[in-house]
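K.L.:
Below is the sequence, then the predicted model.
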Amino acid sequence: MDLKAWELREPRPRGTRYSESSGALYLPDRWSGSSWSPIPFVQAEAEVWVRPSTAACFPLHSIGAAELYARAANLVTPIVKQYKIEGERRDMLADRLWWAALMLFRAGHSVRTSIDAFVDHAKYMPGRSASLSSDENDAIERLALLAAGAVVRAATLWAAEVK
């Protein structure tokens, strides 16, 4: 995964606000006036990607979920080092990677349809907790998005290895 830091590009839609304290971008929307989005760690999180061929399928063995996790974890390791994601946050990222790998992996199914189902349901995002500050909720969701993106990218790269 490319380690180039994400940059806030200009121009932005009118009404956009950036909160440095929470690391979130508040974007105008059609329903509530604005919605927030945690900023990506790296540019690769915000880039277009190519879905794999429908011919590539996950292995039938359930251990494939652990393989997908390992591949995704290897993708984020340089980001963890670069951004000094340590301690509880590193553990939280590892948990989110495993959760995303479990949700995406479907033994024997097409990698592409598994990715589509994963993306369509968006259950990889944690719920916001009333007991945590807004900044803490934003940080957790930022890690969840990194994990989800890494698992999708890992599955896509794995599928590309199929000859």
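P.N.:
Structure's in. What do you need? Numbering: from 1, shown residues only.
K.L.:
and the helix or strand of the chain with the lowest mean pLDDT, what does it pack onto?
P.N.:
Lowest on mean pLDDT, DSSP states H and E among the helices and strands of the chain sits strand 34-38, with a mean of 77. If you count contacts as 3 or more Cβ pairs under 8 Å, 6 or more residues apart in numbering; DSSP states H and E, strand 34-38 packs onto strand 24-28, helix 134-160. Every residue, glycine included, has its C-beta placed from N, CA and C.
K.L.:
Quick one: distance of the last one to the chain centre.
P.N.:
Distance, stretch centre to chain centre, for helix 134-160: 2 Å (Cα atoms, centre = their mean, to the nearest Å).
K.L.:
Tell me the buried residues in that helix?
P.N.:
137-156, 158-159 (16 or more other Cβ atoms under 10 Å).
K.L.:
Pick out the shakiest of the helices and strands packed on strand 34-38, pLDDT-wise.
P.N.:
In terms of average pLDDT, strand 24-28 trails the rest of the helices and strands packed on strand 34-38, at a mean of 81.
K.L.:
hmm, back to that, would you turn the helices and strands packed on strand 34-38 into JSON lines with distance to residue 73?
P.N.:
Below are these laid out as JSON lines (distance: least, Cβ to Cβ, whole Å):
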{"stretch": "strand 24-28", "distance to residue 73": "25"}
{"stretch": "helix 134-160", "distance to residue 73": "8"}
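K.L.:
mind showing which ranges of the chain have poor pLDDT?
P.N.:
Where the chain drops to pLDDT under 70, the residues are 1, 30-34, 122.
K.L.:
just to revisit the earlier point, beyond the least confident helix or strand of the chain, next helix or strand please.
P.N.:
Where DSSP states H and E defines the elements, the next helix or strand beyond strand 34-38 is helix 64-82.
K.L.:
so that following helix versus helix 134-160, what angle?
P.N.:
130 degrees (axes from the mean of the first three to the mean of the last three Cα atoms, to 10 degrees).
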